[in-house]
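Undergrad: Mind looking at a prediction? Sequence and model below.
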Amino acid sequence: MPVRAKICGLSTGPTLAAAVRHGASHVGFVFFARSPRNVAPDQAAALAVQVPDGVARVGVFVDPEEGFLASAIAAGQLGVVQLHGEETPERAAAIRARYGVEVWKAVPVKRRVDLAAASAYAGAVDRILYDAKTPAAADLPGGMGLRFDWRLLEGFAHPLPWALSGGLDAANAAEAVGISGARLLDVSSGVESAPGVKDVDKIAGFLQSIAQL
Ligand SMILES: O=C(O)c1ccccc1NCC(=O)[C@H](O)[C@H](O)COP(=O)(O)O
């Protein structure tokens with residue numbers, strides 16, 4: 001099975017089109033006001049109609065308020081809700097049941113012990129996204145281009161399907177796959193020319209770099 005990729009933090013038509021054209025399996029829209037990639041539900045609605053069947057629309061949220069979550073899922077025609085806050089397994093399971101979407105939970109990783117948080121979500125979510133832990137003082141819980149030591153995943157008994165993110169780019173994606181065994185990668189900063197500014201050539205380069213893995 002080929003390695004698949006989610007291009008996260010898309011906010012323009014041309015960059016979304018590049019992700020789709022070059023083979024992304026998932027496209028991500030960030031619904032978090034403090035993010036440079038933030039999109040409003042009406043922006044997501046305009047982007048969503050450009051996404052063909054077979055490419056999953058993922059909404060990224062941080063402890064979303066219920067009404068906002070509902071409107072974003074509807075506007076973005078989201079198939080996946082990715083949670084980056086303090087959402088409990090119960091909250092994640094409730095989102096999955098209420099909206100009939102896949103739910104992914106981000107688990108921030110710096111040390112091996114951090115991986116243990118994943119098991120609490122077995123039965124509650126569909127996938128764990130191992131992402132680099134951002135500094136406590138950081139404004140964002142993701143999308144900062146930071147990576148963790150992929151060797152921490154070597155030999156780990158994954159309790160759930162999973163994906164790898166954090167500091168990936170075209171130059172390191174093959175190494176990340178080789179070390180971690182990931183079959184689904186999530187990238188944001190590594191395909192940008194500046195925070196929040198996606199680059200069509202970098203998107204193409206990233207997707208080409210994993211096409212033969
Ligand atoms: O991307 C953001 O701005 C963001 C904001 C708040 C919560 C999560 C966010 N991103 C989540 C992602 O899925 C990113 O793709 C992931 O953290 C990897 O980012 P990067 O290291 O920049 O590739």
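TA: Cool, the structure landed.

Undergrad: What residues does the protein have near the ligand?
TA: 8-9, 28, 30, 32, 35, 37, 60, 62, 84, 131, 140-146, 165-168, 186-190 (C-beta under 6 Å from any ligand atom). For every residue, glycine as well, the C-beta is placed using N, CA and C.

Undergrad: Is K6 in a helix, a strand, or coil?
TA: Secondary structure, DSSP: H, G, I helix; E, B strand; the rest coil: K6 is strand.

Undergrad: Do you know the pLDDT at whatever residue of the chain ends up closest to the ligand?
TA: Proximity to the ligand, evaluated over the chain using C-beta to the nearest ligand atom, is greatest for G143 at 2.2 Å. You'll see G143 listed with a pLDDT of 92.

Undergrad: can you tell me the helix or strand for it?
TA: Using DSSP states H and E, G143 sits within no helix or strand.

Undergrad: rewinding a little: among the residues of the chain next to the ligand, which are located in strands?
TA: G28, V30, V60, D131, S165, D186, V187 (DSSP state E).

Undergrad: residues near the residue lying closest to the first one once chain neighbours are set aside, how many?
TA: What that stands for is G28. Leaving aside its sequence neighbours, G28 sits nearest to C8 (C-beta to C-beta, 6 or more residues apart in numbering; 3.4 Å). Using other C-beta atoms under 10 Å, C8 has 26 other residues around it.

Undergrad: I figured C8 hits G143, correct?
TA: Yes. Counting by C-beta atoms under 8 Å, C8 touches G143, with 7.0 Å between them.

Undergrad: Give me the common contacts of those two.
TA: V30, R37, S188 (C-beta atoms under 8 Å, 6 or more residues apart in numbering).

Undergrad: if you go through this structure in chain order, where are the strands?
TA: Using DSSP E, strands in the chain cover 4-7, 26-30, 56-61, 80-83, 102-109, 127-132, 162-165, 184-187, 192-194, 197-198.

Undergrad: Run the chain-centre distance for the last one.
TA: Spelled out, that is strand 197-198. The chain centre lies 16 Å from the centre of strand 197-198; the measure is C-alpha atoms, centre = their mean, to the nearest Å.

Undergrad: Neighbouring strands of that strand in the sheet, and parallel or not?
TA: Strands that pair with strand 197-198, judged by DSSP bridges, come out as strand 192-194 (antiparallel).

Undergrad: give the contact list for Y121.
TA: Counting by C-beta under 8 Å, 6+ apart, Y121 touches P89, A92, K105, I128, P159, L160.

Undergrad: per-residue confidence at the residue in the chain sticking out farthest from the centre?
TA: Distance to the chain centre peaks in the chain at G155, reaching 22.9 Å (criterion: C-alpha atoms, centre = their mean). As predicted, G155 sits at a pLDDT of 91.

Undergrad: Test my guess that Q50 contacts A18.
TA: No. Taking contacts as C-beta under 8 Å, Q50 lies outside contact range of A18: 11.2 Å.
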